[in-house]
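Peer 1: Any chance you could fold what I've pasted below:
(one chain, ligands or ions: 1)
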Amino acid sequence: MSRDDVTQAEENAFVRFFERVNRQVEKAIGSPPISVGAEEEVPVALRLCPLCGHQMREHNIDESSANVIVHCPVPDDARRPSPAHHEPLGELGMPASAHRLEKLAKRE
Ligand SMILES: [Zn+2]
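Peer 2: Coordinates of the predicted model:
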């Protein structure tokens, strides 16, 4: 059954179901926080590049191919170094858990 096969009545039942769920959840946890708009969002053009620290509007964006390439205005060797991670990692490449750190300490 594809989405096109769903009748209006079924779709309404689906919507009513989630409206009921929302009402029950709202009773339990309260309504979502209302944003007051105090946090002004910085336009993308004025944000700083994580690689070179220059504003994004100074960058050259190559959209000629399927993979968009952003060229920094500074040479490769002048970019910020990648943050070094010296902490041990877990099996999945994430920071090691306390349990794993304990195991590693026993091995040494
Ligand atoms: Zn950059």
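
Peer 1: So which bits of the protein are right by the ion?
Peer 2: C49, L51, C52, C72 (CB under 5 Å from the ion). Using the backbone N, CA and C atoms, a C-beta is placed for each residue, glycine as well.

Peer 1: Between those, which sits nearest E102?
Peer 2: Comparing these against E102 with CB to CB places L51 closest, at 36.4 Å.

Peer 1: Which ones among the residues of the chain next to the ion lie within strands?
Peer 2: Among these, no member falls in strands (criterion: DSSP state E).

Peer 1: where do the strands sit along the protein?
Peer 2: Using DSSP E, strands in the chain cover 60-62, 69-71.

Peer 1: Show me which positions of the top helix by length along the chain end up buried.
Peer 2: Using DSSP state H to define each element, the chain has its longest helix at helix 8-29. Of the residues in helix 8-29, none is buried under the neighbour-count criterion (16 or more other CB atoms under 10 Å).

Peer 1: what's the answer for stretch 33-50, then?
Peer 2: C49.

Peer 1: Could I get the contacting residues of S65?
Peer 2: The contact partners of S65, by CB atoms under 8 Å, 6 or more residues apart in numbering, come to none.

Peer 1: residue ranges with poor pLDDT in the protein?
Peer 2: 1-4, 35-39, 83, 85 (pLDDT under 70).

Peer 1: And the helices in it, which stretches?
Peer 2: 8-29, 98-107.

Peer 1: As JSON lines, these with distance to S82 would be great.
Peer 2: Formatted as JSON lines, the helices of the chain follow (distance: least, CB to CB, whole Å):
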{"stretch": "helix 8-29", "distance to S82": "40"}
{"stretch": "helix 98-107", "distance to S82": "23"}
